[in-house]
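>>> dropping the sequence and predicted coords here.
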Amino acid sequence: VVREAAIAAFTPEKFYTVALTLADGGTASSKRFAQKADAELLLSKCRKEGRVTVQKMERKEKSESPPQLYDLTALQRDANRLLGFTAQQTLDYAQSLYEKRLITYPRTDSRFLTEDMAASLPGLVTDTGRALAVEEPFPIHVQQVINGSKVTDHHALLPTKSMANADLAALPAGEWNVLRLIAARLLCAVGEPHRYAETTLTTICAGEEFTAKGKEVLEEGWKAVERKVLADILNRKREFTALPQVEESECGILNAELKEGQTSPPKHFTEDTLLHSMETASADSMPEGVERQGIGTPATRAATIEKLVQKGFLERKGDKKTKVLLPTDKGKALITVMPEEIQSADMTADWETKLLRVERGEMEPETFMTEINDMISSLVNTTEAVKGASALMKNKVIGVCPNCGNSVVEREKGYFCENRECRFVLWKDNAFFKRLGKRMDAHVADRLLRDGRVRLKDCKSSKGKTYNATVLLSTEADGRSKFSLEFEGGR
């Protein structure tokens with residue numbers, strides 16, 4: 001809700017730059033200008049000058065270390081980013097692979113292995129590479145993934161030796177892709193660093209500084225294995241091209257142009273980014289030595305997101321692969337009426353600090369529970385209802401109960417009479433409508449309550465034929481809903 005408020009409040013601002021295409025290769029860009037006239041004046045001067053003066057050229061060699069092995073959250077994030085899987089889908093696929101003995105225990109928050117696993121790891125890496133058709137030899141640096149002090153209840157996710165002899169082609173597509181991610185990560189994690197050189201060329205034209213950047217890969221390292229195994233699902237950004245070595249103190253300009261852009265708002269949460277935020281929430285406030293950080297655990301974060309979606313507080317929007325998570329009106333209403341103390345992850349940090357004290361014998365468990373009980377009592381007794389809260393949280397009224405005359409409201413599983421003594425309800429998962437190949441939605445419920453009937457087109461018979469009919473609503477003696485069909489033409 002806070003993220004969406006920031007996006008809604010964001011006002012984009014335009015900016016302008018001047019880009020120079022250099023005769024020796026590469027494109028040099030100016031700083032950003034808020035005013036278009038300033039950028040246009042510089043553009044005019046650069047075109048007139050026709051050359052840039054080379055100030056300096058810096059070349060820095062850098063390396064990107066192999067990624068760590070997966071814990072569940074890291075796997076869920078990559079599966080969402082690369083494959084579009086929800087956190088729950090990834091957990092379900094991983095659980096199925098575990099039950100087939102193709103991967104180790106999935107509900108882990110560790111990204112390392114214990115020292116006693118070092119001896120058997122080279123064999124596992126070799127078998128995994130063979131299963132993924134990685135024929136060329138690759139280095140195996142076992143010590144990069146060994147650190148028993150960072151292993152909690154379970155070690156990092158690994159493929160098992162069973163993968164080498166399994167019929168991988170028989171796996172469902174979702175399970176195969178998750179297994180590929182886990183197996184590829186093992187091969188990458190024990191590999192060589194990815195080495196590259198970054199070059200920055202600084203030039204002057206018309207009194208303004210222009211910079212051009214280039215990138216040159218020196219050694220592919222672990223990225224070569226990653227690209228071979230996951231080439232079809234990787235979302236690789238465009239790499240910088242290498243800049244030529246500039247020998248002269250001046251360089252000609254082939255072209256100069258004005259470019260327009262605008263500042264971007266914060267991005268909507270995806271499951272990838274939300275999982276990361278849940279994992280790192282109030283990390284700065286967490287005490288040293290605490291076993292769990294953030295909101296939830298790797299095993300519960302997926303279920304938390306799913307429950308918020310199922311209860312109508314969040315919704316997924318977007319295409320099949322890239323969905324964002326947005327708060328619904330109901331979700332925004334909940335945050336509006338909820339006391340600030342229980343909205344903040346700082347409360348979790350405070351509890352973890354005290355639980356750590358309990359574990360060390362510095363605080364009695366009863367004292368901790370008493371503090372929680374006192375806090376809840378205080379919140380209940382002292383929190384004032386937000387103005388309009390009842391309206392925000394009130395269930396939507398969609399009609400009048402045909403049995404007792406009270407309001408019928410929409411809830412998660414159906415449309416219920418507000419009178420608790422009345423048994424009238426229109427279930428969303430409705431067996432009568434299912435037999436017709438239809439569903440009980442808000443439109444159908446509204447027509448039934450208002451008119452006592454609703455006309456449906458293309459109903460399906462048990463023999464697969466289609467027909468049009470009208471569903472009539474009545475009630476049993478005890479108030480329960482009752483349906484009947486009226487066919488067109490009296491049939």
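Nice, I can see it. Numbers count the residues shown, from 1 in each chain.
>>> contacting residues around the nearest residue to K413 once chain neighbours are set aside?
Spatially, and ignoring its direct neighbours in sequence, K413 is nearest to K428 (5.9 Å; Cβ to Cβ, 6 or more residues apart in numbering). The way it works is simple: take the backbone N, C-alpha and C, and place the C-beta from them, glycine included. Residues near K428 by Cβ atoms under 8 Å, 6 or more residues apart in numbering: K413, G414, Y415, R439, M440, D441.
>>> ok, the last one - contacts?
Neighbour list for D441: K428 [criterion: Cβ under 8 Å, 6+ apart].
>>> repeat that for the second one.
Remark: with contacts taken as Cβ under 8 Å, 6+ apart, G414 is in contact with V425, L426, W427, K428, D429, M440.
>>> excluding chain neighbours, give the residue nearest to the one residue sitting closest to the centre of the chain in space.
Geometric centre of the chain, nearest residue: E271, 1.7 Å, by Cα atoms, centre = their mean. In space, and not counting its chain neighbours, E271 is closest to N80: 4.3 Å by Cβ to Cβ, 6+ apart.
>>> torsion angles phi and psi at that neighbour?
Here is the backbone geometry of N80 (degrees, to the nearest 10): phi -70, psi -40.
>>> count the neighbours of it for me.
Using other Cβ atoms under 10 Å, N80 has 23 neighbouring residues.
>>> can you pull the contacts of it?
T86, A87, T90, T270, E271, D272, L275.
>>> next: L258.
Taking Cβ under 8 Å, 6+ apart, we find L258 in contact with Y16, T17, V18, A19, K36, A39, E40, L43.
>>> isn't the fifth one up against F15?
No - counting by Cβ atoms under 8 Å, K36 stays clear of F15, with 9.3 Å between them.
>>> quick revisit: distance of the residue nearest to the centre of the chain relative to L179?
To L179, E271 is 20 Å away according to Cβ to Cβ, to the nearest Å.
>>> ok, now A6?
Counting by Cβ to Cβ - A6 and L179 are separated by 38 Å.
>>> also A19?
45 Å.
>>> from D153, how far off is G331?
Remark: distance between G331 and D153 (Cβ to Cβ) = 33 Å.
>>> got it, and G464?
53 Å.
>>> circling back: ok, A19 and L179, which is more surrounded?
L179 (23 against 17).
>>> so that one makes contact with A166?
No - L179 lies out of contact with A166 (Cβ under 8 Å); the separation is 9.1 Å.
>>> got any residues that touch both of those two?
Counting by Cβ under 8 Å, 6+ apart, the common neighbours of L179 and A166 are L102.
>>> any idea how many residues pack against the closest residue in space to L72 that isn't next to it in sequence?
Excluding the flanking residues, the one nearest L72 by Cβ to Cβ, 6+ apart is P298, at 3.7 Å. Look at P298: counted by other Cβ under 10 Å, it has 25 neighbours.
>>> just A169 next, same as before
Close neighbours of A169, defined as other Cβ under 10 Å, add up to 6.
>>> pLDDT below threshold where in the chain?
235-240, 242, 244-248, 282-293, 384-394, 488-491 (pLDDT under 70).
>>> picking that back up, CSV for the contacts of G414, including secondary structure and distance to R360?
Below are the contacts of G414 laid out as CSV (DSSP: H, G, I helix; E, B strand; the rest coil; distance: Cβ to Cβ, whole Å):
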residue, secondary structure, distance to R360
V425, strand, 52
L426, strand, 56
W427, strand, 52
K428, coil, 50
D429, coil, 50
M440, coil, 56
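>>> by neighbour count, which of those residues wins?
That'd be L426 among the contacts of G414, by other Cβ under 10 Å, with 22 neighbours.
>>> give the contact list for that residue.
Residues near L426 by Cβ under 8 Å, 6+ apart: V408, G414, Y415, M440, A445, L448, L449, S481.
>>> among these, which lie within strands?
Counting by DSSP state E, the contacts of L426 place V408, G414, Y415, S481 in strands.
>>> just send those residues back as CSV, with distance to M338 too.
Output for the ones in strands among the contacts of L426, formatted as CSV (distance: Cβ to Cβ, whole Å):
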residue, distance to M338
V408, 27
G414, 26
Y415, 27
S481, 35
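>>> same question for stretch 11-18: list its buried residues.
In terms of neighbour count (16 or more other Cβ atoms under 10 Å), stretch 11-18 has its buried residues at F15, Y16, T17, V18.
>>> helix or strand for the third one, which one?
I take that to be T17. strand 14-22 (DSSP states H and E).
>>> what's next to whichever helix or strand comes after that strand, contact-wise?
Next in sequence after strand 14-22, counting helices and strands by DSSP H and E, comes strand 27-29. For strand 27-29, the external contacting residues (Cβ under 8 Å, 6+ apart) are 17-22, 52, 201, 203, 205, 210-212, 259.
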